[in-house]
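Asks: Got a predicted structure here, sequence first:
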Protein chains: 2
Amino acid sequence: MANNKLYKGSLSTIILKLLEENDRMYGYEITQKVKELTAGELIITEGALYPALHKLEGDGYLTVEYQLVNNRQRKYYALTPDGKKEKAAKMEELERFVQQMQFLLHPKKSIDG
Amino acid sequence: MANNKLYKGSLSTIILKLLEENDRMYGYEITQKVKELTAGELIITEGALYPALHKLEGDGYLTVEYQLVNNRQRKYYALTPDGKKEKAAKMEELERFVQQMQFLLHPKKSIDG
DNA sequence: TAAACATACATAAAATCCTTAGGTATACCT
DNA sequence: AGGTATACCTAAGGATTTTATGTATGTTTA
């Protein structure tokens, strides 16, 4: 990903979450969706995305379906039952991360402050 | 750091922020402070911490002072003026990161919701 | 109609940051 | 004497990302 090094480690969480919301997506679509949702601030590079998708698939969290649209091959990914569990676990981990960062970086404020 | 892979990239931000609050700290103290603030959930490993401190020093963001306490050598680090600027920039980056994660992961909720 | 841009996939080398594993040394407690 | 805490350090390896490059098709623009 470009611009922000903090995203390291959160890419698979983002992918899993987007797939839960959209049922099925293909790689290029994911990059565009992330760009759209963050108003162009977050760019997922393909060199990061495709290996991440392949790993999630290899781990049994995603299924793949090929579809030809406008004479272009798309690979649609969808969550498996294990993928849904993994998504929930990753989300919890991320919430803990954000909370711990609050403790560290805003120690005098309350969590919602 | 142990336990949570999401911290990748945020270690230097944590160090800079803690140094701003405590004026000067030594390495071991930082590991203990982080453990304390996160109720033992976040452990900064020394293999991550010391190289990070050396890099921040090399980049001109930290000064070093040696002090002998109880016959043990401590290296006290403090922010330089550039370090304070860097700390502010890193904090902004982190705030943006958290906000972008909200956009991505809680798209139907408001930011404080 | 050629060039540029967008769509859509992919890999490989290099960089980055971290974990794991070790090393040195002193102080304290049992 | 051995274990734990304090206090510093580095090096090998792993995981993830950036950067660079490749293939191919469709659409827009000069």
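Replies: Received, thanks.
Asks: residues from chain A in reach of DNA strand C?
Replies: A:5, A:8, A:26-29, A:32, A:46-47, A:50-51, A:53-54, A:69-70, A:72-75 (C-beta under 7 Å from any atom of the strand). Quick note: C-beta positions are derived from backbone N, CA and C, even for glycine.
Asks: Give me the buried subset of these.
Replies: A:26, A:27, A:53, A:74, A:75 (16 or more other C-beta atoms under 10 Å in any protein chain shown).
Asks: pLDDT weak spots in chain A?
Replies: Along chain A, segments meeting pLDDT under 70 span A:1-5, A:108-113.
Asks: And the helices in it, which stretches?
Replies: Using DSSP state H, the helices of chain A run over A:11-22, A:27-37, A:46-58, A:81-105.
Asks: Could I get the buried residue list for the first one?
Replies: So the one you mean is helix A:11-22. Buried-residue list, helix A:11-22, by 16+ other C-beta under 10 Å: A:11, A:12, A:13, A:14, A:15, A:16, A:17, A:18, A:19.
Asks: what residue lies at the spatial centre of chain A?
Replies: With distances taken as C-alpha atoms, centre = their mean, residue A:14 lies nearest the centre of chain A, 1.8 Å away.
Asks: wait, doesn't residue A:68 sit right on residue A:74?
Replies: Yes. Look at residue A:68 against residue A:74 with C-beta atoms under 8 Å: they come within range, at 7.5 Å.
Asks: Spit out the residues that contact these two alike.
Replies: Common contacts of residue A:68 and residue A:74, defined by C-beta atoms under 8 Å, 6 or more residues apart in numbering or on different chains, are absent altogether.
Asks: Am I right that the residue nearest to the centre of chain A is in contact with residue B:104?
Replies: Yes. Residue A:14 is in contact with residue B:104 according to C-beta under 8 Å; the separation is 5.6 Å.
Asks: Which residues are in contact with each of these two?
Replies: With C-beta under 8 Å, 6+ apart, residue A:14 and residue B:104 have common neighbours residue A:34.
Asks: can you list the residues of chain A near DNA strand D?
Replies: So chain A meets DNA strand D at A:1-2, A:5, A:7-12, A:44-48, A:51-52, A:55, A:70-72 (C-beta under 7 Å from any atom of the strand).
Asks: same thing but 10 Å
Replies: Residues of chain A lying close to DNA strand D (C-beta under 10 Å from any atom of the strand) are A:1-15, A:42-52, A:55, A:59, A:68-73.
Asks: Can you tell me, leaving aside adjacent residues, what's nearest to residue A:23?
Replies: In this structure, residue A:23 finds its nearest non-sequential neighbour in residue A:78, 6.4 Å apart by C-beta to C-beta, 6 or more residues apart in numbering or on different chains.
Asks: Next: residue A:16.
Replies: That would be residue A:87: by C-beta to C-beta, 6+ apart, it lies 3.8 Å from residue A:16.
Asks: what does residue A:57 give?
Replies: In space, residue A:57 comes closest to residue A:64 once its chain neighbours are excluded; the distance is 6.1 Å by C-beta to C-beta, 6+ apart.
Asks: Can you tell me who that neighbour pairs with across the strands?
Replies: Beta-bridge pairing of residue A:64 under DSSP bridges involves residue A:77.
Asks: Can you give me the neighbour number for it?
Replies: 13 (other C-beta atoms under 10 Å in any protein chain shown).
Asks: I'd say it and residue A:76 touch.
Replies: Yes. Look at residue A:64 against residue A:76 with C-beta under 8 Å: they come within range, at 7.1 Å.
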